[in-house]
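**Q** My questions are about this predicted structure, shown below with the sequence.
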Amino acid sequence: IYYISLLLLSAIYLLSPPLFSEVNAIMNKIKFFIVTLAVCSTHSFSFKNRVFVSTPVSNYPKKLVKDCMSVPFVLNPNDTVENSISALLSSGHSSSPVCDEHGNLIGMVSSFDFLQKEAFEGALLSMSGSSEQVESYVDAAKKICAQKVSDIMTPNPVSIAPDMTMRAAATLMNQEKVHRLPVVDGEGSLVGVITSSDVMKDLLHIHQNLPPANGEDSVAP
């Protein structure tokens, strides 16, 4: 069809250049109509080597972080490393926010912090290299010698506000390569924790409430 249209346009151009301009304008309008129809009906289209893909609209209302977050398990900065490991194992958590006496988020502890302490204990750390490398060596030394949670925790962790969308939470987790985000209010107080499992549950509900295909009735989860 493409080549036939091209031949017809070429013939029209040779026989009547003014008519060619009118026909070409009509063809451009038809092209615009086809692209618009593709966007409205399939949620995707390609144009000039580019592809646009959109997420189908779900009947499931968009949830916020505060709708999906859970009550956090919290460690105290003055807890010993041994007691914090025991508490995490007993509670079934692999990481935990660290809060001060006012409930403000000050750090995050994960199983990776304890792995560093075990892996590097007794190791000889180099103090040469760039400022970033030296800083990482100092952090490793602190974790090796850590006696309290405040010594082994990661300070100023990435957090999210309770009024953010679950999509924003998923984007932030992907960017920071983390599976758990502390939820902090405007005062800096910890109000919850959102995890990658919470994002997956929300995504499942969205897919289960997509518009029915071929006139079929939707099934509520």
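**A** Good, I have the coordinates. The structure presented is a predicted model; accordingly, all values stated were derived computationally and were not measured. Residues are numbered from 1 along each chain as shown.

**Q** CA only for contacts and neighbour counts going forward, please
**A** Will do.

**Q** Val183 belongs to a helix, doesn't it?
**A** No. Counting by DSSP: H, G, I helix; E, B strand; the rest coil, Val183 is not part of a helix but strand.

**Q** mind checking which helix or strand of the protein has the lowest mean pLDDT?
**A** Least confident helix or strand of the chain, by mean pLDDT, DSSP states H and E, is strand 44-47 with a mean of 48.

**Q** Could you check how far Ile160 is from Asp151?
**A** Here Ile160 is placed at a distance of 24 Å from Asp151 (Cα to Cα, to the nearest Å).

**Q** what does Lys66 give?
**A** On the measure of Cα to Cα, Lys66 and Asp151 end up 30 Å apart.

**Q** just Val158 next, same as before
**A** Separation of Val158 from Asp151 (Cα to Cα): 18 Å.

**Q** Kindly report the same for Glu82.
**A** Distance check for Glu82 against Asp151: by Cα to Cα, it reads 13 Å.

**Q** okay, the two: which has more neighbours?
**A** For Glu82 versus Asp151, the count of surrounding residues by other Cα atoms under 10 Å is larger for Asp151: 18 against 12.

**Q** you'd agree Glu101 is in a helix?
**A** No. Counting by three-state DSSP, Glu101 falls outside a helix, being coil.

**Q** Based on its surroundings, how many neighbours for it?
**A** By other Cα under 10 Å, the residues close to Glu101 number 8.

**Q** Phi and psi next, for it.
**A** phi -70, psi -10 (degrees, to the nearest 10).

**Q** Read off the pLDDT value for it.
**A** pLDDT recorded at Glu101 is 93.

**Q** Please determine how far the residue nearest to Pro155 when sequence neighbours are not counted is located from Asp185.
**A** The spatial neighbour of Pro155 that comes closest, neighbours along the chain excluded (Cα to Cα, 6 or more residues apart in numbering), is Gly107 at 4.2 Å. Here Gly107 is placed at a distance of 15 Å from Asp185 (Cα to Cα).
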